[in-house]
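In: from the sequence below, what's the structure:
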Amino acid sequence: MKPNLLIVDDEQHTREGLELALEDTYEVFLASSPEEAFNAIEAERFEVVLTDLRMSGQSGMSVIDFSINHPTSPICIMMTAYGEVDVAVEAMKRGAFDFLSKPVNLEKLELLIKRGLEGKKLQKENSNLHQRLDKKFSFQGILGKSSALEKVLEQIQLVGPSKATVLLTGETGTGKELVAQSIHQNSDRSRGPFVPVHCAALPSNLLESELFGHEKGAFTGASEKRIGRFESAEGGTLFLDEIGEIDSSTQVKLLRFLETKSIERLGSSKTIEIDTRLVCATNKDLLALTKKGEFREDLYYRLNVVTVNLPPLRERGDDIGLLIEHFLAFFAKENNFDQPWLSSEALTILNNYSWPGNIRELRNFCENLVVLKRGNEVTPYDLDPRFSLDPGDSDSATLSVDSSLSVEENEKRLLRNALVRSGGNRTKAAELMGVSRRTLHRKLERWPELDVK
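Out: Residues are numbered from 1 along each chain as shown. Okay, the predicted model is just below:
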């Protein structure tokens, strides 16, 4: 596709002469005044704006200011008469790429435009790269050595270089966005943008505009044109998290994109071709939603080209200790605190915990531990009571014994669990343990730190 170029000049022969010289390489648009240029820039996406300085009414400086501050931010080149170098330099200070004196040397102009476009492309690629490096968006950013995770990593390596749409499934907190970033990083689009959208975080009436953009006046409150996330992700990857939450209207538009690789902004009938790869994620059963009529079946099969299922943390037992060590080190460094360390007993308890919130819960636990402990040893009694409770056993009077712990450690653990389950009621706690209230009282005198206030 030819880059769009806007020529702004109030002299007709200059406009048409430049158009004739540039139309083989660029899609050329013309404006005879700054006002016409403003309307054109609002209506069309331009890579280059070439404007004269001296015009009737507003000057070309207003075109420079408008273009530089517009969301599309085209490169701007000023044309000046001989002797207006000081004004042209001022235009460059405001953000213009360069200037040329009239009469324009066409060979120099084409070289200048080419240089500007190449520079902007490189600047965008560097910006995208730095953002991903700063956030550690990389394949190696996924930590773990469990067989369940190895299967996921193999799938990422296979699907990354392809052009296939990918659907990520799994429980909340399993790291779907990190996997999506890794798929992007391992594709030929890695130099392009990675644009995430959390569909459930936006009301349905705003999500459509957020994804596809809108024209000025498309709806009440649309005071200016907005470029949507699909256009922002041009040449890169768009990640739609919680795809099962989108409404029927957005589902139709999403299906159209997958079929035609094009979109329409709200309030416009103009079709815009988009080169964007789609990666989606859900913690819901989309197939079940299609049977209920809550999700389009044709869209489901369009999205479900390649499915990568992320295992919950409870199925990644070999990774829990590694992840805890990583996050403790990370948050200790971030907060400039000493890193706490886990006793073997505490680590055993954490390894046996089911982690219903998955990696997100583990990460929050580690941050809390760093802030509160600041380098001390973490024992089982420093852990939140939820870690000691046996999954699915909250209503049972049976309290399990951990064979990896000593008799005294098990006794402490059982006492703490009984007190937690009874809400601190010592009579009920004694009944749960099968001991008298007097015996329980003596144990709490010995280990007062276990009491639940």
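In: OK, contacts around residue 96?
Out: By CB atoms under 8 Å, 6 or more residues apart in numbering, residue 96 lies in contact with 64, 68, 76, 77, 78, 88. Where C-beta positions appear, they are placed from N, C-alpha and C, glycine not excepted.
In: any idea which element the nearest residue to the second one once chain neighbours are set aside lies in?
Out: Read that as residue 68. Spatial nearest neighbour of residue 68, chain neighbours left out: residue 95 (3.8 Å); criterion: CB to CB, 6 or more residues apart in numbering. According to DSSP states H and E, residue 95 maps onto no helix or strand at all.
In: mind listing what residue 95 touches?
Out: 64, 68, 76.
In: secondary structure element holding the second one?
Out: Assigned by DSSP H and E, residue 68 belongs to helix 60-69.
In: which other helices and strands contact that helix?
Out: With contacts defined as 3 or more CB pairs under 8 Å, 6 or more residues apart in numbering; DSSP states H and E, the packing partners of helix 60-69 are helix 34-43, strand 48-52, strand 75-80, helix 85-93.
In: is it true that residue 79 touches residue 99?
Out: Yes: the criterion here is CB atoms under 8 Å, and residue 79 meets it with residue 99 at 7.2 Å.
In: those two: who's more crowded?
Out: residue 79 (24 against 21; other CB atoms under 10 Å).
In: wait, what's in contact with the more buried one?
Out: Residue 79 neighbours (CB under 8 Å, 6+ apart): 9, 50, 51, 52, 53, 60, 99, 100, 101, 102, 104.
In: if I look at the last one, how far off is residue 433?
Out: Spelled out, it's residue 104. 92 Å (CB to CB, to the nearest Å).
In: and what of the fifth one?
Out: When distance is defined by CB to CB, residue 53 is 88 Å away from residue 433.
In: and the gap between residue 287 and residue 338?
Out: 49 Å.
In: ditto for residue 259
Out: Distance from residue 259 to residue 338, by CB to CB: 56 Å.
In: same question for residue 54.
Out: 67 Å.
In: out of the two, which sits in the busier spot?
Out: Ranked by neighbour count (other CB under 10 Å), residue 54 and residue 338 place residue 54 first, with 15 against 12.
In: residues touching the residue nearest to that one when sequence neighbours are not counted, list them.
Out: Spatial nearest neighbour of residue 54, excluding adjacent residues (CB to CB, 6+ apart): residue 81 at 6.4 Å. By CB under 8 Å, 6+ apart, the residues touching residue 81 are 53, 54, 101, 102.
In: report the buried members of those residues.
Out: Among those, those that count as buried by neighbour count (16 or more other CB atoms under 10 Å) are 53, 101, 102.
In: closest to residue 145 out of the residues you listed?
Out: Residue 145 has its nearest neighbour among these in residue 53, at 63.7 Å by CB to CB.
In: who's in contact with residue 321?
Out: Remark: with contacts taken as CB under 8 Å, 6+ apart, residue 321 is in contact with 347, 350, 351.
In: distance-wise, check the first one relative to residue 14.
Out: If I follow you right, that is residue 347. In this view, residue 347 and residue 14 are 76 Å apart by CB to CB.
In: what is the burial count for residue 23?
Out: Neighbours of residue 23 (other CB under 10 Å): 12.
In: what does the one 10 residues further on give?
Out: The burial metric for residue 33, expressed as a neighbour count using other CB under 10 Å, is 16.
In: residue 11 is in contact with that one, correct?
Out: No: at 11.3 Å, residue 33 does not count as touching residue 11 under the criterion of CB under 8 Å.
In: shaky segments in the stretch 151-300 of the chain?
Out: Within the stretch 151-300 of the chain, the set of residues satisfying pLDDT under 70 is empty.
In: before we move on, back to that, just the buried ones among the contacts of residue 81 now: which is nearest residue 316?
Out: Checking those against residue 316 with CB to CB, the nearest one is residue 53 at 63.7 Å.
In: now that closest one: how far from residue 16?
Out: 19 Å.
In: in stretch 279-296, what counts as buried?
Out: Judged by neighbour count (16+ other CB under 10 Å), stretch 279-296 contains these buried residues: 279, 280, 281, 282, 283, 286, 289, 290, 295, 296.
In: so which of those residues belong to strands?
Out: Members of the buried residues of stretch 279-296 lying in strands (criterion: DSSP state E): 279, 280, 281, 282.
In: with distance to residue 329 added, can I get the residues you listed in a markdown table?
Out: Listed next are these as a markdown table, based on distance: CB to CB, whole Å:
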| residue | distance to residue 329 |
| --- | --- |
| 279 | 29 |
| 280 | 33 |
| 281 | 28 |
| 282 | 32 |
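In: how about the strands in the stretch 201-350 of the chain?
Out: For the stretch 201-350 of the chain, strands defined by DSSP state E, counting those that start in this stretch occupy the ranges 237-241, 262-263, 272-273, 277-282, 306-309, 341-342.
In: the longest one packs against which elements?
Out: Here strand 277-282 touches strand 166-169, helix 176-185, strand 237-241, going by 3+ CB pairs under 8 Å, 6+ apart.
In: state the distance from the residue nearest in space to the middle of the chain to residue 163.
Out: The chain has residue 196 as the residue nearest its centroid, 3.4 Å off, counting by CA atoms, centre = their mean. For residue 196, the distance to residue 163 (CB to CB) stands at 20 Å.
In: and residue 226, by the same measure?
Out: Per CB to CB, residue 226 is found 28 Å from residue 163.
In: residue 124 too?
Out: Look at residue 124 and residue 163: by CB to CB, they are 21 Å apart.
In: looking at these two, which one has more neighbours?
Out: More crowded of residue 124 and residue 163, by other CB under 10 Å: residue 124, with 14 against 10.
In: for the nearest residue to that one once chain neighbours are set aside, give me its contacts.
Out: Spatial nearest neighbour of residue 124, chain neighbours left out: residue 193 (8.0 Å); criterion: CB to CB, 6+ apart. Each residue near residue 193 by CB under 8 Å, 6+ apart is listed here: 124, 128, 232, 233, 234, 235, 236, 237.
In: ok, and the most crowded of these?
Out: Highest neighbour count within the contacts of residue 193, by other CB under 10 Å: residue 233, with 25 neighbours.
In: residues contacting it?
Out: Under the criterion of CB under 8 Å, 6+ apart, the neighbours of residue 233 are 192, 193, 194, 195, 274, 276.
In: how about a cut-off of 7 Å?
Out: 193, 195, 276 (CB atoms under 7 Å, 6 or more residues apart in numbering).
In: okay, it and residue 279: tell me how far apart.
Out: 10 Å.
In: on that earlier part again, could you dump the helices and strands packed on helix 60-69 to TSV with distance to residue 241 and mean pLDDT?
Out: Below are the helices and strands packed on helix 60-69 laid out as TSV (distance: least, CB to CB, whole Å; pLDDT from 0 to 100):
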stretch	distance to residue 241	mean pLDDT
helix 34-43	31	93
strand 48-52	35	94
strand 75-80	34	91
helix 85-93	42	81
